[in-house]
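Participant: sequence and computational prediction follow.
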Amino acid sequence: MSSPLYLHVTLKVRMDGYHRFCEAMAKQVPIIESHGWKLVGAWVTTVGRLHTVIDIWEIADANAYNEVMKKVAARSDYKEFWDTLAETLEEEVVTMVTKVPYSP
């Protein structure tokens with residue numbers, strides 16, 4: 001049996017955009033989850049660069065990233081979300097990870 005696959009997403013949110021970003025993501029999470037991803041958790045830094053958000057998503061396989069992103073981007077309300085991201089994010093880094101053998 002293979003290990004679950006996760007997306008580790010690091011989002012550097014602009015200081016003045018944190019609340020708008022969180023409101024926009026709260027609307028997107030159920031949409032994304034309706035396509036098969038599961039938000040394991042989302043965290044924000046309290047030490048270091050403030051307003052850095054870490055999202056961990058469980059996904060079915062490596063193809064799920066492109067498939068779901070295309071479906072979400074095809075929605076009529078996506079442009080509004082995309083515009084919010086453009087205004088509130090400095091950087092987004094997405095990596096795919098699996099658990100190491102010593103992880104519970």
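Facilitator: Alright, I've got the coordinates.

Participant: poorly predicted segments of the chain, please.
Facilitator: Scanning the chain for pLDDT under 70 picks out 1-2.

Participant: mind naming the longest helix for it?
Facilitator: The residue-count maximum for a helix in the chain (DSSP state H) belongs to helix 18-33.

Participant: what lies in contact with that helix?
Facilitator: 11, 13, 39, 42, 44, 51, 53, 57, 68, 72, 75, 81, 84-85, 87-89 (Cβ atoms under 8 Å, 6 or more residues apart in numbering). Bear in mind the C-beta positions are built from the backbone N, C-alpha and C, glycine included.

Participant: those residues, buried ones only, as a ChimeraX selection?
Facilitator: Command for ChimeraX, covering only those of these found buried under the criterion 16 or more other Cβ atoms under 10 Å:
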select :11,13,39,42,51,53,57,68,72,81,84,85,88
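
Participant: in strands, which of the contacts of helix 18-33 fall?
Facilitator: Taking DSSP state E, the ones among the contacts of helix 18-33 that sit in strands are Leu11, Val13, Leu39, Ala42, Val44, Val53, Trp57, Leu89.

Participant: same list, those, but as TSV with distance to Tyr102 please.
Facilitator: Putting the ones in strands among the contacts of helix 18-33 into TSV (distance: Cβ to Cβ, whole Å) gives the following:
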residue	distance to Tyr102
Leu11	27
Val13	32
Leu39	24
Ala42	24
Val44	27
Val53	26
Trp57	22
Leu89	33
